[in-house]
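1. no FASTA, just this:
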């Protein structure tokens with residue numbers, strides 16, 4: 001029996017070694033090289049929005065920066081390999097190293113630099129569910145994201161929100177329930193009149209990504225847009241999670257799109273149509289105009305269809 005088991009173990013080991021062939025190793029090395037090369041080519045672009053407030057565009061989620069005598073506040077931090085470039089862009093603004101870091105949600109293109117900034121002394125803040133998700137392995141479209149190291153975790157978490165009094169402004173961080181994920185926050189600078197929406201808002205680059213695996217729901221994305229519209233005016237500068245800067249008129253169009261597509265899917269569901277039948281109707285076609293979009297019409301409709309099959313989240317419920 002022992003010999004048989006040993007033989008089996010040897011056979012498995014041999015197969016494993018065959019799998020790690022020079023060809024496989026070469027492919028792996030090539031993939032890593034491409035990933036490194038991708039970030040090496042990224043340029044961090046800075047746009048000044050107000051005195052002491054700027055947005056950084058790179059690869060991943062748009063970054064908000066507030067700086068002044070009370071320290072530097074960062075909203076999201078993209079991917080870990082980009083940290084030196086992001087730090088250089090912050091220095092170029094005349095700002096001190098990051099003291100405070102707020103994650104709008106847990107996704108790696110918004111929190112990938114957490115460990116680097118955490119080790120450098122930044123105080124990380126996020127919604128309760130962001131820390132909870134980062135503590136464990138998360139299922140994504142690419143597979144599984146591993147648990148985050150201690151230095152990457154938010155050390156201050158909140159449920160409804162938090163208010164920071166820094167650099168002569170009030171920074172209001174507000175949680176919205178079950179939208180892009182279950183841990184989304186919007187960040188509003190009251191005096192500067194600037195709103196960072198994270199991935200609650202994708203502006204002109206893709207249809208919305210609703211992460212059902214992370215507790216997201218289409219109803220919540222619409223509700224978040226509605227809530228944001230009560231916070232802004234015609235002069236507000238809106239930072240989307242992805243895409244160029246936006247205005248209230250842009251966000252209104254986004255809200256109207258969400259309402260129209262959700263309404264069409266809801267009506268089709270009431271008629272008993274299957275997901276495939278609803279997708280064939282192409283209810284998002286007029287907004288599905290970017291061939292390189294991360295989320296195309298069928299995926300967007302699928303997320304809405306599945307969202308509407310879930311129980312509606314009750315406002316005020318402690319989720």
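-> Received, thanks. Only a predicted model underlies this, so the values are computations on that prediction, with no experimental measurement involved. Numbers count the residues shown, from 1 in each chain.
2. once you drop chain neighbours, what's closest to residue 50?
-> residue 192 (4.0 Å; C-beta to C-beta, 6 or more residues apart in numbering). No exception for glycine: its C-beta is placed from N, CA and C like everyone else's.
3. run a quick neighbour tally on the one you found.
-> Per other C-beta atoms under 10 Å, the neighbour tally for residue 192 reads 20.
4. these two touch, right, it and residue 170?
-> No - at 9.8 Å, residue 192 does not count as touching residue 170 under the criterion of C-beta atoms under 8 Å.
5. now the strands for this protein?
-> 45-50, 53-57, 63-68, 71-75, 98-102, 123-127, 138-140, 143-145, 156-158, 161-166, 169-176, 184-189, 194-196, 237-239 (DSSP state E).
6. closest to residue 294 out of the ones you listed?
-> strand 138-140 (12.8 Å; C-beta to C-beta).
7. ok, residue 155 to residue 126 distance?
-> Distance, residue 155 to residue 126, by C-beta to C-beta, to the nearest Å: 9 Å.
8. who has more neighbours out of the two?
-> residue 126 (31 against 14).
9. got a list of what residue 235 touches?
-> residue 193 (C-beta atoms under 8 Å, 6 or more residues apart in numbering).
10. phi first, then psi, for it.
-> For residue 235, the backbone dihedrals (degrees, to the nearest 10) come out as phi -100, psi 0.
11. repeat for residue 43
-> phi -110, psi 130.
12. same check, this time on residue 94
-> The phi/psi pair for residue 94 (degrees, to the nearest 10) is phi 90, psi 20.
13. show me what contacts it?
-> Shown in contact with residue 94 (C-beta under 8 Å, 6+ apart): residue 67.
14. got a pLDDT number for it?
-> pLDDT for residue 94: 96.
15. what do you get for residue 284?
-> On the pLDDT scale, residue 284 gets 98.
16. quick check: the closest residue to it other than its chain neighbours vs residue 280, distance?
-> Distances taken as C-beta to C-beta, 6+ apart place residue 297 nearest to residue 284, at 4.3 Å, with adjacent residues excluded. Using C-beta to C-beta, residue 297 is found at 11 Å from residue 280.
17. all set now, cheers.
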